[in-house]
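[1] The sequence and its predicted three-dimensional model are supplied below.
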Amino acid sequence: MPEDQSDDAFESRGRVDAPRQVPSRPGRYVTVAGLIERVIEEFETEFGSDKRAVPQDTTPVQRRGLVREVAQYVFGVESVTLSRSEQAEIIQRAYSELFGYGPLDALLANLQLTTISLEGAGHIAVRTGPGGDLEPQPAIFDDMPHVQRIVQRMLRDGGAEIRHDIPVVEVGLTVDGRPVTLSVAAPPYSTPLTADIRMHLPQPLSLTALVESGMLTEQAAVLLRALAVSQHGIIIAGDTESGKTTLLSALLQILPATPDQIHSVEWAAALHLPEGATRHSVRWPVGDAPMITLQDRIREAITDQPACLVLDEVRSDEPEAIAPLLSADAALRQLWSVRASSDPKRLRSALGMLARRADSAQPEFMAHQLYRRLPFVVTLRRRRGSLHLQEIAEWQLMPGSDHTEYVPLLAQSEDGLRPTGRRPQHALELPSNFFG
């Protein structure tokens, strides 16, 4: 095809693959990417870059109709020859850029994908199914401004924005009924901009479903069910994307507390809460609006005096956030997810250190409070392309002393997940022969 040298040609914005072209006026060709850009520009000229002229109650079908009208105008002005399928493709891609998340829309709609990882405009990888490896994919963005525009839109929908004073942000949003967690690291913290998009299940899984998936054994599910219906505190620990939120959501469906007495404190609002439960999510600063931190939300939830407080998730870089939960006079039931190593030795050390760092003025007291208020620890890990329960343990007080020991009750062995021979100190409703 002859190369268009005219000044009014619509150039593509640097895709890795060769730009597709379509015939226009005699002797002239325009790129598909250029037409899409032209449709977007014309739409924003008519409705504004923030689309304020589009009524708030406009449905997706009506919005598509508006984009179609603008596209037909552009096709006429440019005198392009397009098939019906080419017109539909251009209209769809322009709609995605204007009202969706551009080239990410197709990936977000794929229920088999659990993670999308972006590093600048040239590197993208996806994870299929929980526990799978990240697989590199062909580039889908035109350039860095394209990536930034789409990531900014996702952040805005999650109630945040890229700021120089806060270069690392994690928010939650809902895409087609599916909870999505977006973690962004921007310059100067990360060059180029990186983003991890984790897509959660539209509905919570039951413990039975987790057994069928291979994440749990039948015996582990029985013990977890007994923990959920008890009044004891539980920590679910593991690395990123090890299934902590999935398991915590499953346990929330069988808690004995009534939903109106369950409060959650979350970074990204990814938990499936029982209907009627109250959610307290971190609010990032946008414009002049101040940030409401995780610790702020924890204090807010404690003030409401719920029967059960769920925390998703605790991180080692903000230990002071959990101080109110360990020092509060009222010992409410607590369920935490904690981002930590799944190695048992490292985990028990990390949890003790986390509690001690929560209040350096009384470190041993805080550690004791953690052991007392959250005596059970459930560890998950990603292994061999799938998620597995690694261990269920208990902090046990040694007889005749004030020393607390980390005691595995179920643990992985050469034969799989098996009882260790140790029994829980805290009362649980279990079959009499559960531990053999």
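    Received, thanks. Numbers count the residues shown, from 1 in each chain.

[2] For the residue nearest the centre of the chain, what is the enclosing helix or strand?
    By C-alpha atoms, centre = their mean, the chain has its centre lying nearest to Thr181, at 2.4 Å. Using DSSP states H and E, Thr181 maps to strand 178-185.

[3] pLDDT (mean, whole number) over that strand?
    For strand 178-185, mean pLDDT rounds to 94.

[4] buried sites along it?
    For strand 178-185, burial by neighbour count (16 or more other C-beta atoms under 10 Å) applies to 179-185. Quick note: C-beta positions are derived from backbone N, CA and C, even for glycine.

[5] okay, those residues in JSON lines with distance to Ala250 next?
    Output for those, formatted as JSON lines (distance: C-beta to C-beta, whole Å):
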{"residue": "Pro179", "distance to Ala250": "14"}
{"residue": "Val180", "distance to Ala250": "19"}
{"residue": "Thr181", "distance to Ala250": "17"}
{"residue": "Leu182", "distance to Ala250": "23"}
{"residue": "Ser183", "distance to Ala250": "23"}
{"residue": "Val184", "distance to Ala250": "28"}
{"residue": "Ala185", "distance to Ala250": "30"}
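
[6] Can you tell me which of those is nearest Leu311?
    Thr181 (15.5 Å; C-beta to C-beta).

[7] Could you give the bridge partners of the closest one?
    Beta-bridge partners for Thr181, by DSSP bridges, are Gly172, Arg198.

[8] what helices or strands is the strand holding Thr181 leaning on?
    Applying 3 or more C-beta pairs under 8 Å, 6 or more residues apart in numbering; DSSP states H and E, we find strand 178-185 packed against helix 144-157, strand 168-175, strand 194-199.

[9] Return the distance of that strand from the chain's centre.
    4 Å (C-alpha atoms, centre = their mean, to the nearest Å).

[10] which other residues reach that strand?
    For strand 178-185, contacts defined as C-beta atoms under 8 Å, 6 or more residues apart in numbering pick out 108, 111, 151, 154-155, 158, 162, 167-174, 193-202, 268-270, 272.

[11] Extract the C-alpha trace of that strand and format it as CSV.
    C-alpha atoms of strand 178-185 as CSV (Å, rounded to 0.1, in the frame of the first residue of the first chain):
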residue,chain,number,x,y,z
ARG,A,178,-16.3,-8.9,39.5
PRO,A,179,-14.2,-7.4,42.4
VAL,A,180,-10.9,-6.2,41.0
THR,A,181,-7.8,-5.1,43.0
LEU,A,182,-5.5,-2.6,41.3
SER,A,183,-1.9,-2.1,42.6
VAL,A,184,0.0,0.7,41.0
ALA,A,185,3.6,1.8,41.4
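
[12] Tell me if I am right that Ala94 is in a strand.
    No: under DSSP: H, G, I helix; E, B strand; the rest coil, Ala94 sits outside any strand and is assigned helix.

[13] Distance check, it against Gly159.
    26 Å (C-beta to C-beta, to the nearest Å).

[14] Tell me which of the two has more neighbours.
    Ala94 (26 against 16; other C-beta atoms under 10 Å).

[15] just checking, that one touches Val74?
    No: Ala94 is beyond contact range of Val74, at 9.1 Å (criterion: C-beta atoms under 8 Å).

[16] who touches both of these two?
    Val39.

[17] can I see the domain layout of the chain?
    As recorded under automatic domain parsing, the domains making up the chain are 21-99, 105-199, 207-419.

[18] Let me have the ones you listed in JSON lines, extended by distance to His426.
    Output for those, formatted as JSON lines (distance: least, C-beta to C-beta, whole Å):
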{"stretch": "domain 21-99", "distance to His426": "51"}
{"stretch": "domain 105-199", "distance to His426": "30"}
{"stretch": "domain 207-419", "distance to His426": "5"}
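
[19] and Gln425, which of those is closest to it?
    Comparing these under C-beta to C-beta, the one sitting nearest is domain 207-419, at 4.9 Å.

[20] Figure out how far that closest one is from the centre of its chain.
    Here domain 207-419 is found 17 Å from its chain centre; the criterion is C-alpha atoms, centre = their mean.

[21] What separation is there between His388 and Phe47?
    50 Å.

[22] ok, these two, which is more surrounded?
    Neighbour count, other C-beta under 10 Å: between His388 and Phe47, His388 has more, with 23 against 16.

[23] Now do the contacts for that one.
    His388 touches 214-215, 380-382, 412, 417, counting by C-beta under 8 Å, 6+ apart.

[24] Go ahead and list the helix or strand containing Val265.
    Under the criterion of DSSP H and E, Val265 resides in strand 262-266.

[25] swap that for Thr58, sorry
    With DSSP H and E as criterion, Thr58 is part of no helix or strand.

[26] Pull the contacting residues for the residue lying closest to it once chain neighbours are set aside.
    Nearest residue to Thr58, sequence neighbours excluded (C-beta to C-beta, 6 or more residues apart in numbering): Leu66, at 7.6 Å. Counting by C-beta under 8 Å, 6+ apart, Leu66 touches 43, 47, 54, 58.

[27] could you flag which of those are buried?
    Judged by 16+ other C-beta under 10 Å, buried ones among the contacts of Leu66: 43, 47, 54.

[28] Mind checking which of these land in strands?
    Using DSSP state E to define strands, no part of these is located there.

[29] If you count residues, where's the longest strand of this protein?
    Longest strand in the chain, counting by DSSP E: strand 386-397.

[30] got the buried residues for that one?
    387-396.

[31] picking that back up, looking at the domains of the chain, which is nearest to Leu428?
    Of all those, domain 207-419 comes closest under C-beta to C-beta, at 4.4 Å.

[32] Need the CA coordinates for stretch 193-200. CSV is fine.
    Once non-C-alpha atoms are left out, stretch 193-200 reads as follows in CSV (Å, rounded to 0.1, in the frame of the first residue of the first chain):
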residue,chain,number,x,y,z
LEU,A,193,4.9,2.7,35.7
THR,A,194,3.8,-0.8,36.8
ALA,A,195,0.4,-2.2,37.6
ASP,A,196,-0.9,-5.5,38.9
ILE,A,197,-4.6,-6.1,38.3
ARG,A,198,-6.0,-9.0,40.3
MET,A,199,-9.5,-10.2,39.4
HIS,A,200,-11.5,-12.0,42.1
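
[33] what's next to that stretch, contact-wise?
    104, 108, 113-120, 144, 147-148, 151, 154, 162, 175, 178-187, 241, 245-246, 270.

[34] Which ChimeraX command selects the buried ones in the residues you listed?
    Per 16+ other C-beta under 10 Å, the buried members of these correspond to this ChimeraX selection:
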select :104,108,113,114,115,116,117,118,119,120,147,148,151,154,162,175,179,180,181,182,183,184,185,186,241,245,246,270
